[in-house]
Structure formats: structure tokens, C-alpha cells
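**Q** sequence and predicted model, in that order:
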Amino acid sequence: MAIIVNLDVVMAKRKMSLNELSEKVGLTLSNLSILKTGKAKAIRFSTLELICDVLECQPGDILEYVSDEQKTTMR
């Protein structure tokens, strides 16, 4: 997938655990885990807004686009 999820990086910078983020955002651990591991197929803007609010970040801090060409040069 060309969209990379950097949720774990932002959480680490904020020293926040998945459990803590789950409680503050109101999402289940399993749903946040799916997002964190990059296995999510979609995310609602309202969910992204809550995560950004809690982590005090921008959507671009969490989501990153990497083209197929960039992926091959990264390997």
C-alpha cells in the first residue's frame, strides 16, 4: 500500500501507550492496533481528528504517501 501509517512513531514521541490512546480517543485497542500496524483499509476523518487532537499533531504526521517508485528505492 502506498499510504504509510506512522502512528507508532508519533505515539513514541509523545510517550503514549496504545492503551492510553485508546482510552482518550474512545476506540478499541484492536481497532487502534489495526491502524497502527498499517493493516487498516480506511479511517474516518472524525477518528483521525480525535487522534490528532489527543496526540497534538497533524494528519500528515500520522499518514504518509510513498509512491511505488520510492518503495523500490527504499529496499
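**A** In hand now; what should we look at?
**Q** how far does stretch 37-51 sit from the chain's center?
**A** Relative to the chain's own centre, stretch 37-51 is displaced by 7 Å; criterion: C-alpha atoms, centre = their mean, to the nearest Å.
**Q** repeat for stretch 63-70
**A** Averaged over its C-alpha atoms, stretch 63-70 has a centre that lies 15 Å from its chain's centre (C-alpha atoms, centre = their mean).
**Q** do stretch 11-26 as well
**A** On C-alpha atoms, centre = their mean, the centre of stretch 11-26 falls 11 Å from that of its chain.
**Q** so how far does it reach from one end to the other?
**A** 16 Å (C-alpha to C-alpha, to the nearest Å).
**Q** contacts for that stretch next, please.
**A** 28-29, 32-33, 36, 47, 50-51, 54-56 (C-beta atoms under 8 Å, 6 or more residues apart in numbering). All C-beta spots, glycine's among them, are computed from the backbone N, C-alpha and C.
**Q** average pLDDT for it, rounded please.
**A** Per-residue pLDDT values over stretch 11-26 give a mean of 96.
**Q** tell me which residues in it are buried?
**A** Neighbour-count burial for stretch 11-26, with 16 or more other C-beta atoms under 10 Å as criterion, is recorded at 11, 21-22, 25.
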